[in-house]
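>>> predicted model and sequence follow; I will ask about them next.
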Amino acid sequence: MTGLSSRERLGFLLVAVTTAIAGFLHFASSEPGTLAFIAATAALCGVAWLVSFATEQLGESFGPAVTGVLQTTLGNLPEFFVVLFALRAHQVTVATTSIVGSILANALLVLGLTIFVGARASSDGVMRFTKRLPNDTATLLFVAVFIIVMTAISAQTSDPASHHAETISIVGAICLLIVYVSWVVPYLRSDGKGDPEHRESPRLPVAVSAVTLALAGVGAAFVSEWFISALEPAMDAMGLSEAFAGLVVVAIAGNAVENTTALVLAAKRNTDLAMSVVKNSVAQIAVFLFPALVLVSLLFATTLTFAMAPIYAAALAFTAIAMWQITSDGEATMFEGLALVATYVILATITLFE
């Protein structure tokens, strides 16, 4: 690891320390408290960074599409395990809202901050990027939101279909996965090598990056379990609802990869890759991670469906429209970025009182 910068070496050290502390606090007490939750949250963010860094090293020889898809796919590992352990603990609200929160956090908070930073770094205050991915993401999100909204309306009105939410969710999950694969394969094949100006040489050999990624994946599984076991006691101690925990706390902690990587890329004016990281994350969570978890949950006593409270279905619908309206023309300004961030803050405030 001689090619690593001092900051990256410090990052590796912090990941090791926070994970060790989180593990110690988890096993030292039969009833993890707030301190254990804070340590597990820090460890989850650290593992997410490690996954991001190792994936970025593997993807340096590819263009923004391949790198963005690879980074967001593996970067969602902590999120995947968090939902699985939440379902195992019968915390359906946390599982559902953490997925919804991940979509909203990326589509509003992370995208908004990325646009703000990217526009500010631009000489004319406008962040420019390729139009295809934003439009493709909007289409994918609209399909996912259609299933979610229709399921929510059905449950709210108690029509005959509401009694078959699990079957509808299984069919919907399969359809979403087919749509995602039909999009991602041509998208990856059309990728170029990206802008040479923003290309960097990998600082880790491929074998070391692969081993680091594997270890980070294993770490994500353990840390996610510690995180979920400490979540409920911590939320009770702080007087926060499960909905707020899933929609805000879990979503932001599980999306630490996009929170940092996209902002750094935007600041460097590598706008296509920055948008690729954020947009791919939104698309993957909505039409890959969510439906995959619906199908995997069939192995558990507690299953996951697309049924959710109308307020979250409505939030997803309006978010899909806002994302498309702001990014479909291939450019965005600082005020548009701030508008997305403000929308997320308002939504988080509403969730606080749910």
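Sure thing, it's come through.

>>> so residue 343 sits against residue 325, correct?
No - taking contacts as C-beta atoms under 8 Å, residue 343 lies outside contact range of residue 325: 11.9 Å. Where C-beta positions appear, they are placed from N, C-alpha and C, glycine not excepted.

>>> those two - which one has more neighbours?
residue 343 (19 against 11; other C-beta atoms under 10 Å).

>>> phi, psi for the more buried one please.
phi -60, psi -40 (degrees, to the nearest 10).

>>> before we move on, what about residue 331?
phi -150, psi 150.

>>> in the stretch 101-250 of the chain, which spans are strands?
Remark: strands assigned in the stretch 101-250 of the chain by DSSP state E, counting those that start in this stretch are 126-128.

>>> where does it dip in pLDDT?
191-203, 206 (pLDDT under 70).

>>> cutoff 50 now
The stretch 101-250 of the chain contains residues with pLDDT under 50 at 193-194, 196, 198.

>>> and the residue nearest to residue 41 when sequence neighbours are not counted, which of the three is it?
Spatial nearest neighbour of residue 41, chain neighbours left out: residue 253 (5.0 Å); criterion: C-beta to C-beta, 6 or more residues apart in numbering. With DSSP: H, G, I helix; E, B strand; the rest coil as the basis, residue 253 sits in helix.

>>> what's residue 253 in contact with, if anything?
41, 44-45, 48, 78, 227 (C-beta atoms under 8 Å, 6 or more residues apart in numbering).

>>> then residue 11?
Taking C-beta under 8 Å, 6+ apart as the test, what residue 11 contacts is 46, 49-50, 53.

>>> adding secondary structure and pLDDT, write those out as JSON lines.
JSON lines is the format used below for the contacts of residue 11 (DSSP: H, G, I helix; E, B strand; the rest coil; pLDDT from 0 to 100):
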{"residue": "46", "secondary structure": "helix", "pLDDT": "82"}
{"residue": "49", "secondary structure": "helix", "pLDDT": "76"}
{"residue": "50", "secondary structure": "helix", "pLDDT": "80"}
{"residue": "53", "secondary structure": "helix", "pLDDT": "76"}
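
>>> which residue ranges form the strands in the stretch 251-354 of the chain?
331-333.

>>> can you list which of the contacts of residue 253 are found in helices?
The members of these that map onto helices under DSSP state H are 41, 44-45, 48, 78, 227.

>>> and the residues you listed as JSON lines, adding neighbour count and distance to residue 89?
Output for these, formatted as JSON lines (neighbours: other C-beta atoms under 10 Å; distance: C-beta to C-beta, whole Å):
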{"residue": "41", "neighbour count": "24", "distance to residue 89": "17"}
{"residue": "44", "neighbour count": "27", "distance to residue 89": "16"}
{"residue": "45", "neighbour count": "23", "distance to residue 89": "21"}
{"residue": "48", "neighbour count": "28", "distance to residue 89": "21"}
{"residue": "78", "neighbour count": "30", "distance to residue 89": "16"}
{"residue": "227", "neighbour count": "31", "distance to residue 89": "11"}
